[in-house]
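> coordinates only, no sequence provided:
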């Protein structure tokens, strides 16, 4: 299937994780032209790089179509894709179909771990109502099986089969 990688984001620190009742922090989120994916570790420069062994969210994907629906139905205007705090904004694939699958984009390989479930912070980072709206379509957490440089552009996404069973980390 033909897909388009439209935005890459990395953040060096956690603005929301572990911040319940404390308020958000203000680490910058960087828009990138390319990212370096390291098998088993994550994206160089991102807050989840080497987070923990076999972490299921070494890279996160977010569907461009869902992003557009949030702008139309929730924000009713423009919002940067950065607010979703996902690493890759992708167009052309239903990300939920990649859960439990091994897939390839360019020469890189991934296994789809689980939905990248939204949290209540989405209402602060984007707009009130975003958290509820994104349930079931919050994106995809994945492990990096074969790394390398990933660049913006059009690619063929190949589903290679079912992912091997993994512990849920």
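That came through fine. Please read all numbers here as calculations on a predicted model, not as lab measurements.

> how about the helices in this protein?
Remark: helices assigned in the chain by DSSP state H are 64-69, 122-125, 130-134.

> with distance to residue 157 added, can I get the ones you listed in a markdown table?
Every residue, glycine included, has its C-beta placed from N, CA and C. Formatted as a markdown table, the helices of the chain follow (distance: least, CB to CB, whole Å):
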| stretch | distance to residue 157 |
| --- | --- |
| helix 64-69 | 13 |
| helix 122-125 | 26 |
| helix 130-134 | 22 |
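
> select, out of these, the one closest to residue 108.
Minimum separation from residue 108 across the helices of the chain (CB to CB) falls at helix 64-69, 19.0 Å.

> and that closest one, what does it pack onto?
Packing partners of helix 64-69 (3 or more CB pairs under 8 Å, 6 or more residues apart in numbering; DSSP states H and E): strand 88-91.

> can you list the strands that the strand it packs on pairs with?
Looking at strand 88-91 with DSSP bridges, its partner strands are strand 2-10 (antiparallel), strand 59-63 (parallel).

> relative to residue 113, how far out is the residue nearest to the spatial centre of the chain?
For the chain, the residue nearest the mean C-alpha position is residue 60 (2.2 Å; CA atoms, centre = their mean). Separation of residue 60 from residue 113 (CB to CB, to the nearest Å) stands at 10 Å.
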